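**Q** sequence first, predicted model second:
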Amino acid sequence: MVFSILAKEGYARTENIEEADVIMANTCSIRDNAEQRIWGRIDYFNTFRKKRSGLIVGILGCMAERLKDALLDTGKVDVVAGPDAYRHLPDLLQAVYDGAKGINVELSREETYGDISPVRIDKNGVSAFISIMRGCNNVCSYCVVPYTRGAERSRDWHTIVREACECVEAGYKEVTLLGQNVDSYLFEDVDFAKLLALVAGVSPTLRVRFSTSHPKDISDAVIDTMAAWPNICHHIHLPVQSGNDRILEKMRRRYTREWYLERVARIRQAMPDCGITTDAIVGFCSETEEEFRDTLSIFEEVGYDAAFMFNYSERPGTLASRNYPDDIPLEVKTRRLNELIELQNRLSLKSNKRDVGREFEVLVEGPSKKGDAQLCGRTGSNKMCVWNDTTHKAGDFVRVRVVDCTSATLLCELKK
Ligand code: SAH
Ligand code: SF4
């Protein structure tokens, strides 16, 4: 999208950082280590200043929003643009050419960039992401997103369907609808269930995925729409965060363990083959060992196919940082995290072993890490498959049979 906005002003994109006149980094603030990595990148970008006078370094997105002037004050950054300011980038660059600094961190209640067709820079041309909403109206106490991304806005569904059509015309075989809380999508009378059906209706061979679902909001209508449309992938990313009710309450997630498990049961009843994955945070403020055990037990009970797991990272300005001390020592967090990761590895392996002997339709993404004679691609449930194949290419749909597995991959053979 940023490319699309700048291309209109005559800027061209380069893959070679040494020939760039402007370097922009899109940033994330979700955990402290994400920001630390960006600081490293900023130093790296600045090494090019010696060779290229007039080089402009821009920081876009959440870190720009959170740190604002502090980024400019380092002297290492010339342009700071928050997530709702991308239309102003040409003016911000002009300000720098005129000898000033370019900063815009205003958040908007309306901006969805709905009318802008993004320039797709993904390499394989098979799978595209479509943003359907921006911001978030939940105030999970640990989370910086509502502060950096602003209030929730749903994008006009007409422009979403149009973008999906453009993806099909450009040869894409899969789209993933993106939002912080897709289940609260609403534009005119189109809710998320209706939007899913509209996008699935674009082409029967277009695979449709989405992320992220909030357990408090995922509706029966969404689950039933997924079950009804053969081209909507049976995979739900349903971040649980914790298995303990006191911690969930303190995190302000606004569901209980019981509610969460009921949603999982409802999904499995409608789609027994549905992949379910999750996010979890360990070592949230005041989490006891016993409360952490509840996270382990909900992982066992659900039997997730995969999970992203994190140590709690205090984010300045959030409710948790203002109200609760970050009182779990790093060694304890890390020990809990390792225990959870170990459990999830076992659960992933168990889930993959269940698929041995089964057949799946897989969308080819390209050569596997082992090279051209072996291809890789995902099942509808989002499991990575690899198989020997010299006849297909990225974008083909093939049928494979699972012959073996690891905790991360299904090892398959091609069905003729
Ligand atoms: N909107 C999504 C998640 C967005 S952030 C949802 O509500 O589920 C992605 C993940 O980062 C979260 O699910 C959470 O597990 C993790 N995360 C967010 N803030 C964090 C923090 N302060 N410390 C550690 N992990 C965090
Ligand atoms: Fe953050 Fe909660 Fe919004 Fe997800 S739903 S982005 S965790 S505030």
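**A** Looks like it arrived, so ask away. Ligands and ions are numbered 1, 2, ... in the order given.
**Q** next, L337: phi, psi?
**A** phi -60, psi -50 (degrees, to the nearest 10).
**Q** begin at 617, not 1, for the rest of this chat.
**A** Shifting the count to begin at 617 puts that one at L953.
**Q** from V761, how far out is it?
**A** L953 is 21 Å from V761, where distance means C-beta to C-beta, to the nearest Å. Glycine gets a C-beta too; all of them are placed from N, C-alpha and C.
**Q** what does T643 give?
**A** Counting by C-beta to C-beta, the gap from T643 to V761 is 13 Å.
**Q** report the set of residues contacting both of those two.
**A** Counting by C-beta atoms under 8 Å, 6 or more residues apart in numbering, the contacts common to T643 and V761 are C678.
**Q** comparing these two, which residue is more hemmed in?
**A** Legend: neighbour count by other C-beta atoms under 10 Å for T643 and V761, higher for T643 (23 against 20).
**Q** state the distance from the residue nearest to that one when sequence neighbours are not counted to V721.
**A** Computed as C-beta to C-beta, 6 or more residues apart in numbering, the closest residue to T643 that is not its neighbour in sequence is M679, at 3.6 Å. Noted for M679: a distance of 11 Å to V721, by C-beta to C-beta.
**Q** tell me the residues of the chain that contact ligand 2?
**A** 752, 754-756, 759, 761-762, 796-797, 830 (C-beta under 6 Å from any ligand atom).
**Q** filter these to the buried ones?
**A** 752, 754, 756, 759, 761-762, 796-797, 830 (16 or more other C-beta atoms under 10 Å).
**Q** in TSV: those, plus secondary structure.
**A** What follows is those, written out as TSV (DSSP: H, G, I helix; E, B strand; the rest coil):
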residue	secondary structure
C752	coil
N754	coil
C756	coil
C759	coil
V761	helix
P762	helix
Q796	coil
N797	coil
H830	coil
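**Q** in the stretch 717-866 of the chain, which spans are strands?
**A** Under the criterion DSSP state E, counting those that start in this stretch, the stretch 717-866 of the chain contains strands at 718-720, 743-747, 749-750, 769-770, 790-794, 802-803, 806-807, 823-827, 851-853.
**Q** helices and strands around the fifth one, which ones?
**A** The elements that strand 790-794 packs onto, with contact taken as 3 or more C-beta pairs under 8 Å, 6 or more residues apart in numbering; DSSP states H and E, are strand 743-747, helix 773-785, helix 808-816, strand 823-827.
**Q** go again with 10 Å.
**A** strand 743-747, strand 749-750, helix 773-785, helix 808-816, strand 823-827 (3 or more C-beta pairs under 10 Å, 6 or more residues apart in numbering; DSSP states H and E).
**Q** closest one to E878 among the ones you listed?
**A** Among those, the nearest to E878 by C-beta to C-beta is helix 808-816 (18.4 Å).
**Q** what pLDDT, on average, does that closest one get?
**A** Regarding helix 808-816, the rounded mean pLDDT is 98.
**Q** alpha carbons only: can I get that helix in PDB?
**A** Written as PDB, here are the backbone C-alpha positions of helix 808-816 (Å, rounded to 0.1, in the frame of the first residue of the first chain):
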ATOM      1  CA  PHE A 808     -18.000 -11.200   9.000                       C
ATOM      2  CA  ALA A 809     -20.000 -14.300   8.200                       C
ATOM      3  CA  LYS A 810     -21.600 -12.500   5.200                       C
ATOM      4  CA  LEU A 811     -18.200 -11.000   4.200                       C
ATOM      5  CA  LEU A 812     -16.700 -14.500   4.200                       C
ATOM      6  CA  ALA A 813     -19.500 -15.800   1.900                       C
ATOM      7  CA  LEU A 814     -19.100 -12.800  -0.400                       C
ATOM      8  CA  VAL A 815     -15.300 -13.400  -0.800                       C
ATOM      9  CA  ALA A 816     -15.800 -17.200  -1.100                       C
END
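**Q** what helices or strands is it leaning on?
**A** Applying 3+ C-beta pairs under 10 Å, 6+ apart, we find helix 808-816 packed against helix 773-785, strand 790-794, strand 802-803, strand 806-807, strand 823-827, helix 836-844.
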